[in-house]
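[1] Next one to model:
(chains A and B)
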There are 2 protein chains.
Amino acid sequence: MPSRLRARDRVQGPCLGAPAYGSAVTTPRLVVEEELLRRNIDRVAVGARVAGVALRPHVKTHKCLEIARLQVAAGATGVTVATVGEAEVFVHAGFDDVLVAYPLWLDDDRATRLARLAGRARNAIGVDCTESAARARAMLPDVELMVEIDSGHHRTGCAPGDVGEVAAAGGVRGAFTFPGHSYSPDGGSGAAADEARALAEAGKALVAAGVEAPVLSGGSTPSLAHTDTGVVTELRPGVYVLGDAQQWELGSCSPDDIALTCHATVVSLAGGRVVVDAGSKVLGADRAAYSTGFGRLLDHPDARIVMLSEHHAVIEMAERPPLGTTLRLVPNHVCNAVNLADELWVGDQRWSVAARGRNG
Amino acid sequence: MPSRLRARDRVQGPCLGAPAYGSAVTTPRLVVEEELLRRNIDRVAVGARVAGVALRPHVKTHKCLEIARLQVAAGATGVTVATVGEAEVFVHAGFDDVLVAYPLWLDDDRATRLARLAGRARNAIGVDCTESAARARAMLPDVELMVEIDSGHHRTGCAPGDVGEVAAAGGVRGAFTFPGHSYSPDGGSGAAADEARALAEAGKALVAAGVEAPVLSGGSTPSLAHTDTGVVTELRPGVYVLGDAQQWELGSCSPDDIALTCHATVVSLAGGRVVVDAGSKVLGADRAAYSTGFGRLLDHPDARIVMLSEHHAVIEMAERPPLGTTLRLVPNHVCNAVNLADELWVGDQRWSVAARGRNG
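    Numbers count the residues shown, from 1 in each chain, chains lettered A, B, ... in the order given. Below is the predicted model:
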């Protein structure tokens, strides 16, 4: 049986526009092009260094120790995470400066786990009101706080002028914001201006409240190029490292920058539709209002994923590749795609998505 | 430190409308109410038995051995899976009758893995064209095939009249269809009628091609109540076992039937918005055209999740529960939510999502 199967392997369809593969490997799988990954890491690291701002990349995008190590080697001063569970993975792997950029409401479990990390790294956690700040300082008297402010995304965060009150809890390092309204067509520059205005106001309020030289932390991939580095002292972009269809469609990356694709196989042409074996359980179901579909094809810019089920993507494209063809899909939102995978394929290596599913 | 943390635990906010918890447990987590789960399992099992049709539930919904065992104990004749990876998990756990209801295009890896399972269970795989059928029979001469037909969902599947040609490959057990166009308001009865018409035509074509008493397999949760059991001989619903916001909004379950919720904590009220600590990395990002939001709240039928980030759900609701409150969220699409979790909380037990991430 094995020898017949190996012979059959050569029947595998061609790979349109993508590098040839040494042997058939079951799809779907997430593949990272290391050269592009390193180029993205270096570009933003150099930009931050030249501008004189600290870079603390958000590792929720990749959840991968190997990628975070490349970011630190390129000059990142620490990493940003979204959850205590992610902090545990990175601290236990040796990362010694971790910011949980999330307005935590501490419970017993999370406080205990943060206390255990305190001796191993310099950590800070987010809060966005006087109650959560006081609670955090009462449960973890030595914890450093970053106060989240709302710069226009209207999700979490207090008003910039209110950071002084929150800072009364003590232990405040600075303020952070996520200018997430950058995720709209041409939203990057306006969101960056809002970010600068809000962080400048927060900075003044923190100094008035006795916080010396507060860290003023911002950054999102679509607003990154527009950052006012006269105000912002720290940047926390995430997606820039891998890229995705959202960034492609927002113009914040070109398809040539996209370092992660999902390799998928054409399994059905039965109804005249091109259907591949990757769906929402691999790509994520994200579809922003501005997105043109459920994902793109790297080698076919005109193609669109027009229908997405759990294990099917239906593609509208001019060509009709034969059954068995491998296509390179670009997920709309790479952070959610990576969080669905156990590992990333990088050349002949597999890198673990070490913090996958660490939501708590 | 631990004793102070335990004392603080009592500060934890109240749980609106939900059962009290013995102690604080970190959110977000997926919680299954076993009594409702068993009631859902029994209701459909009894319905199938009374109608004289086989029940082969789709276990992609829960990916959980404990739940599948309850389904078999209630009378399911076997299970349905979507991938070879899922088949491996269930066959190795002792399930001896597994259908991969997916139009597979076999590669070396998948064929080898299916061959290894052949001695342990009676398996069948899906194909939807002459090429994939011939390829499957060439690579795995003893494999049983189910031919997928398109009954109106327009995703995969050949035309019902074409099954005879596909059956020429040999080894065909019958035909299957997924009437997925049932996923639209009032779509259930029309999709069930389409399903019956298509399977009846496919059945005639298979008999004409020499397949004796072909299995005619259909079923989706929204069309289930409308199934024409004079035609359909096997049902493959999945979501009925747990329920979700899509089924609630389609009217194919009531909120009283929903057996899985995501318990999440209110972490921010800073901007006047209620924000909890579960986002698209926990609930999935699904939002069908007919959905009224990114998810619902079981105990607050008027509330809606109006904005969803990776770790934030912004909720519009009449009440403004205090920080620390636990709320029970209903994911839009439970299959994708479960696939994001490592385990389900069931009473004082945790059940593994054993086939999570088995996409290949």
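
[2] Close to chain B: what parts of the stretch 51-200 of chain A are there?
    For the stretch 51-200 of chain A, the residues in contact with chain B (C-beta under 8 Å from any C-beta of the partner chain) are A:60, A:82-84, A:102-112, A:115, A:128-129, A:131-132, A:135, A:138-139, A:148, A:150, A:154-159, A:180. Just so you know, the C-beta spots here come from the backbone N, C-alpha and C atoms, and that holds for glycine as well.

[3] biggest helix in chain A, by residue count?
    Looking across chain A with DSSP state H, the single longest helix is helix A:188-208.

[4] thinking again about what came up before, are any of the residues of the stretch 51-200 of chain A next to chain B buried, and which?
    The neighbour-count criterion (16 or more other C-beta atoms under 10 Å in any protein chain shown) marks A:60, A:82-84, A:102-112, A:115, A:128-129, A:131-132, A:135, A:139, A:148, A:150, A:155-158, A:180 among those as buried.

[5] so of those, which ones are in strands?
    When DSSP state E is applied, those are split such that A:102-103, A:148 fall in strands.

[6] Would you map the helices across the stretch 101-250 of chain A?
    Across the stretch 101-250 of chain A, reading from the start of the chain, the helices by DSSP state H, counting those that start in this stretch fall at A:108-117, A:130-139, A:163-167, A:188-208, A:245-250.

[7] From the structure, what's the count of residues near the closest residue in space to residue A:210 that isn't next to it in sequence?
    Spatially, and ignoring its direct neighbours in sequence, residue A:210 is nearest to residue A:167 (7.6 Å; C-beta to C-beta, 6 or more residues apart in numbering or on different chains). Neighbouring residues of residue A:167 were enumerated by other C-beta atoms under 10 Å in any protein chain shown; the total is 26.

[8] so who does residue A:167 touch?
    When contacts are counted by C-beta atoms under 8 Å, 6 or more residues apart in numbering or on different chains, residue A:167 is found next to A:133, A:147, A:205-206, A:209-211.

[9] Let me have the helices of the stretch 101-250 of chain A in a markdown table, extended by distance to residue B:163.
    Formatted as a markdown table, those follow (distance: least, C-beta to C-beta, whole Å):
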| stretch | distance to residue B:163 |
| --- | --- |
| helix A:108-117 | 55 |
| helix A:130-139 | 61 |
| helix A:163-167 | 66 |
| helix A:188-208 | 52 |
| helix A:245-250 | 37 |
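
[10] Take those helices and lay them out in TSV including mean pLDDT and distance to residue B:289.
    Listed next are these as TSV, based on pLDDT from 0 to 100; distance: least, C-beta to C-beta, whole Å:
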stretch	mean pLDDT	distance to residue B:289
helix A:108-117	95	37
helix A:130-139	98	37
helix A:163-167	97	41
helix A:188-208	98	28
helix A:245-250	98	20
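
[11] one step back: give me the contact list for the longest helix of chain A.
    Identification of contacts with helix A:188-208 by C-beta under 8 Å, 6+ apart yields A:147, A:149-153, A:160-164, A:167, A:172, A:174-175, A:177, A:179-182, A:214, A:216-218, A:220, A:222-228, A:230-232, A:250-252.

[12] Could you give the bridge partners of residue A:296?
    Under DSSP bridges, the beta-bridge partners of residue A:296 are residue A:330.

[13] Tell me the spacing between it and residue A:109.
    Spatial separation of residue A:296 from residue A:109 under the definition C-beta to C-beta, to the nearest Å is 40 Å.

[14] now residue A:333
    Using C-beta to C-beta, residue A:333 is found at 28 Å from residue A:109.

[15] How about residue A:174?
    As judged by C-beta to C-beta, residue A:174 and residue A:109 stand 27 Å apart.

[16] do residue A:70 as well
    Residue A:70 sits 32 Å away from residue A:109, taking C-beta to C-beta as the criterion.

[17] what about stretch A:352-359, start to end distance?
    17 Å (C-alpha to C-alpha, to the nearest Å).

[18] ok, now stretch A:334-344?
    Across stretch A:334-344, the straight-line distance between its terminal residues is 12 Å, by C-alpha to C-alpha.

[19] Is that stretch in proximity to chain B?
    Yes - contact of stretch A:334-344 with chain B (C-beta under 8 Å from any C-beta) involves A:335-336, A:339-342.

[20] These in helices, which ones?
    Counting by DSSP H, the members of the residues of stretch A:334-344 next to chain B that fall within helices are A:335-336.

[21] Just the buried ones from the residues of stretch A:334-344 next to chain B?
    In those, the ones that pass as buried (16+ other C-beta under 10 Å) are A:335-336, A:339-341.

[22] what's the burial count for residue A:34?
    Residue A:34 is surrounded by 15 other residues when neighbours are defined as other C-beta under 10 Å.

[23] Next one: the closest residue to it other than its chain neighbours from chain B, what distance?
    The spatial neighbour of residue A:34 that comes closest, neighbours along the chain excluded (C-beta to C-beta, 6+ apart), is residue A:346 at 5.4 Å. In this structure, residue A:346 lies at 17 Å from chain B, with C-beta to the nearest C-beta, to the nearest Å as the measure.

[24] ok, now which ones touch residue A:346?
    Contact partners of residue A:346, counting by C-beta under 8 Å, 6+ apart, are A:31-32, A:34, A:37, A:66.

[25] Could you tell me how far it is located from residue A:41?
    In this structure, residue A:346 and residue A:41 are separated by 13 Å, where distance is defined by C-beta to C-beta.

[26] how about stretch A:163-181: buried residues?
    Neighbour-count burial for stretch A:163-181, with 16+ other C-beta under 10 Å as criterion, is recorded at A:163-164, A:166-167, A:169, A:171-181.

[27] ugh, typo on my part, it should be stretch A:266-279
    Result for stretch A:266-279 [16+ other C-beta under 10 Å]: buried residues A:266-271, A:273-279.

[28] and if you look at stretch A:118-135?
    For stretch A:118-135, the neighbour count (16+ other C-beta under 10 Å) marks A:121, A:123-133, A:135 as buried.

[29] Thank you kindly, that will do.
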